[in-house]
Structure formats: C-alpha cells, structure tokens
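K.L.:
Dropping a prediction and its sequence here:
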Amino acid sequence: DGGITQSPKYLFRKEGQNVTLSCEQNLNHDAMYWYRQDPGQGLRLIYYSQIVNDFQKGDIAEGYSVSREKKESFPLTVTSAQKNPTAFYLCASNGGLDSNQPQHFGDGTRLSIL
Amino acid sequence: GQNIDQPTEMTATEGAIVQINCTYQTSGFNGLFWYQQHAGEAPTFLSYNVLDGLEEKGRFSSFLSRSKGYSYLLLKELQMKDSASYLCAVRGNYQLIWGAGTKLIIKP
C-alpha cells in the first residue's frame, strides 16, 4: 500500500540538541510538506519542496532545516535555535503546490523537551 | 490578512445531523478542503469544493459559496466514530491555509 511514513512516533529533545524527524513517501508525489500543529491552532507550514534538491521556507521556518536529496524522502531537523519545539509535526505530500489533489499525511511525530 | 474561522467545539447526538461552518478571507481562492482528524492521528481527506454548490459523499456533504466566503460540512446519521476534529483548509494563491479545526463530540 502506498503512503507516508513518519518516524519516530515520539521524540524527546534535550536542551541544545538537534533532532531529525524522518518522512518517507512511496506515492510518487513531487511535492512534500512539513507542518507544525499546536493545540487550538491550525496547521502551520514550516518548509515545503516541490522537486528534488529544492525547498522553500514556509511561515515558521526559523529554527528548522530540511533537505530533499531523494524524491521519496524529506527529513526535518529541529535545531537548538528553535526555542519552543514541543508540538505535533506532520509530513504531507501531493502532486504539487498548485495541484487540487488533497495532501496525504503521515501519522505524525510528537516532539517534547526533556 | 488571511483568515479562516471555524467554531472551536460542537456537540451532537448519535444518529443526528450536524453542520460545521467555515468562513474564510484569503488572497485568492483555488478550492476548499475538509479533513477529519482523530486525536493524535493524521488528518484524512474528506472533500474538496472549488465550484459553488453541494458535494455529497455518503453520510458527508460539503457546501461552498465563493461569493460569501463560506463553506459547511454536513454529517448525517452521526456515529460515535465521527468524534474527531474537522479541519477546513483553503488553497489560496500560494499555499494551503488551515483553520484551527472544530472538535466534534458525539454523545450517545
């Protein structure tokens, strides 16, 4: 079955530590996205990529970094510069930013600070 | 600015009908999505409207009025498994803009 796999499901970060969240898709989608979800707020876009080796900042990119070396993979690194990283992180993909295809989501990673 | 408004929480009875509203003000409009999200899980796609009118899919229907910047999701014959958050998202000029979601509580 095609889908999006995020790992780990739960992640704990120590002060000053960088952590990387994995996102892999086998849907052959060109575009991939990272969102942050906080209680009582809508999904906020961190980064997105429409093609391999290219990505763009979303609304809240500060303190995060990404790479897109393969079509299937779009890992997100939460750096120590992100002072409030506790949130639910969702990865999504679809045919493109200007596509009317719905975005398909992974099961999410819940990140907490130790 | 860009804004999407949904009620924070709604309560309904099993077997009944509920309507969840969504109003939006965005730079450009290229379609509106509804997603369902159970607690701690991924959002799953329910419906997409780009033209005015009603789209029906089984127990779920979605309506759009572009002139009023308004949509609703109608859930019929409510079941306990429909307890979830319902997210409205508008495709603007450059990206998808998300509402905060409506938490729907179903009571027996």
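P.N.:
Cool, got the structure. Numbers count the residues shown, from 1 in each chain, chains lettered A, B, ... in the order given.
K.L.:
Helices of chain B, residue ranges please.
P.N.:
Ranges of helices in chain B, per DSSP state H: none exist.
K.L.:
and it, which residues reach chain A?
P.N.:
Within chain B, the positions near chain A by Cβ under 8 Å from any Cβ of the partner chain are B:4, B:8, B:30-31, B:33, B:35, B:40-45, B:48, B:50, B:87, B:89, B:91, B:94-101. Using the backbone N, CA and C atoms, a C-beta is placed for each residue, glycine as well.
K.L.:
Go through the residues you listed and flag which are in strands.
P.N.:
Judged by DSSP state E, the residues of chain B next to chain A include B:4, B:33, B:35, B:44-45, B:48, B:87, B:89, B:91, B:96-98 as members of strands.
K.L.:
contacting residues around residue 82?
P.N.:
If you meant another chain, say so; for now it's chain A. A:62-64 (Cβ atoms under 8 Å, 6 or more residues apart in numbering or on different chains).
K.L.:
that's the wrong chain, I meant chain B
P.N.:
Taking Cβ under 8 Å, 6+ apart, one finds B:75, B:104, B:106 in contact with B:D82.
K.L.:
now the last one: how far from chain A?
P.N.:
This means B:I106. Noted for B:I106: a distance of 21 Å to chain A, by Cβ to the nearest Cβ, to the nearest Å.
K.L.:
so A:S22, which of the three states?
P.N.:
For A:S22, the assignment made with DSSP: H, G, I helix; E, B strand; the rest coil gives strand.
K.L.:
what pLDDT does it get?
P.N.:
In this prediction, A:S22 carries a pLDDT score of 98.
K.L.:
Neighbours of the closest residue to it other than its chain neighbours, how many?
P.N.:
What sits nearest to A:S22 in space, not counting adjacent residues and going by Cβ to Cβ, 6 or more residues apart in numbering or on different chains, is A:S7, at 4.7 Å. Look at A:S7: counted by other Cβ atoms under 10 Å in any protein chain shown, it has 12 neighbours.
K.L.:
go on, the one 4 residues further on?
P.N.:
Look at A:L11: counted by other Cβ under 10 Å, it has 16 neighbours.
K.L.:
How about the contacts made by it?
P.N.:
A:19, A:21, A:109-112.
K.L.:
And for A:D107?
P.N.:
If a contact means Cβ under 8 Å, 6+ apart, then A:D107 has A:5-6, A:9, B:41-42 as its contacts.
K.L.:
Please, a PyMOL command that selects the buried ones among those?
P.N.:
The buried residues among the contacts of A:D107 can be selected in PyMOL (16 or more other Cβ atoms under 10 Å in any protein chain shown) with this line:
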select buried, (chain A and resi 6) or (chain B and resi 42)
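K.L.:
Looking at the contacts of A:D107, point me to the pair that's furthest apart.
P.N.:
Maximum pairwise distance among the contacts of A:D107 (Cβ to Cβ): 14.2 Å, between A:T5 and B:E41.
K.L.:
ok, back up a step: now that we have the ones in strands among the residues of chain B next to chain A, can you turn them into CSV and tack on distance to A:P102?
P.N.:
Output for these, formatted as CSV (distance: Cβ to Cβ, whole Å):
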residue, distance to A:P102
B:I4, 17
B:F33, 6
B:Y35, 8
B:T44, 9
B:F45, 4
B:Y48, 6
B:L87, 12
B:A89, 9
B:R91, 10
B:L96, 10
B:I97, 15
B:W98, 13
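K.L.:
between those residues, which is nearest A:T86?
P.N.:
B:W98 (19.3 Å).
K.L.:
Among the contacts of A:D107, which one lies nearest to B:I17?
P.N.:
Each of those was scored against B:I17 by Cβ to Cβ, and B:E41 proved nearest at 24.5 Å.
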